[in-house]
Each structure stands twice: as structure tokens, then as C-alpha cells.
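**Student:** Structural data only, the sequence is not supplied:
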């Protein structure tokens, strides 16, 4: 059994164990910019994740330090772009500051995804 398989199985167990802690957020993928430069989005999809509200400075992919007000942990592979829109269970929408995840070498998808919002 490879280390990748062990990690996949462990994350699957973590997803099952934490299911009661996971909230539903709405993920609307970035579609395009309109004529005024405003982002437009595709149809929102309900996704389960752990929502952690806290204040923590994070370094964005552009190297800027910004205050994150929430961290979302998706305990399954999901594709998220920094231009996407995520609506929290209380209807709050914050910009995506950073996306992290460990890539599964067998599928090229992430095992799980952490998203910092601010």
C-alpha cells in the first residue's frame, strides 16, 4: 500500500468523522468579467466544509499579508479559483485570499482544500 493510498483513506475517514461539524456553503465559480469589469459567476453549488471563523494574518499568493476572517476546509477534492465567490451559511461573502491543498500524484487533484477568506 502506497503512502498516497494511506493518505486517501485517512482523509476519507476524516470526512466521515467530521461530517457533523461541516456546514454548507455556496460556491459560485467565476465566469467572466462584464463590460464594466465586474465579475460574473456561474450557478452556485452547495458544498460541505468545516467553517472556522477567526482572525489571522495570511500571506496571499501575491505575497501580500492580509487579515483572514475565516478558513474553510473542504475534506474532499474540489476545484476553487481565487476569483470564485463563496457564500457562508450566514450569507456573508468575503474575497478569497489564499487556496492551499496537497496534490494527489495519482489523480492530480487535491486531497483536501483550505481556503482563506478575508
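**Tutor:** Nice, thanks for sending it over. If you're wondering where the values come from, they're calculated on a predicted model, not measured in any experiment. Numbering: from 1, shown residues only.
**Student:** only C-alpha atoms for contact and neighbour calcs from this point on.
**Tutor:** Will do.
**Student:** so how far is residue 46 from residue 23?
**Tutor:** Separation of residue 23 from residue 46 (CA to CA, to the nearest Å) stands at 10 Å.
**Student:** If you count neighbours, what's buried in the helix-or-strand element of the chain with minimal mean pLDDT?
**Tutor:** Least confident helix or strand of the chain, by mean pLDDT, DSSP states H and E, is helix 3-17 with a mean of 87. The neighbour-count check on helix 3-17 (16 or more other CA atoms under 10 Å) flags 8, 11, 15 as buried.
**Student:** Show the contacting residues for the closest residue to the second one other than its chain neighbours.
**Tutor:** On the basis of CA to CA, 6 or more residues apart in numbering, the spatially nearest residue to residue 11 that is not a chain neighbour turns out to be residue 75, at 6.8 Å. Contact analysis of residue 75 by CA atoms under 8 Å, 6 or more residues apart in numbering lists 11, 12, 14, 15, 49, 111, 112, 113.
**Student:** Is residue 114 bridged to anything, and to what?
**Tutor:** Residue 114 has these beta-bridge partners by DSSP bridges: residue 73, residue 100.
**Student:** Hmm, it is touching residue 72, no?
**Tutor:** Yes - Residue 114 is in contact with residue 72 according to CA atoms under 8 Å; the separation is 5.6 Å.
**Student:** Those two: who's more crowded?
**Tutor:** residue 72 (22 against 18; other CA atoms under 10 Å).
**Student:** what are the ranges of the strands in the protein?
**Tutor:** Remark: strands assigned in the chain by DSSP state E are 23-28, 30-33, 39-41, 45-59, 65-74, 85-87, 96-103, 110-117.
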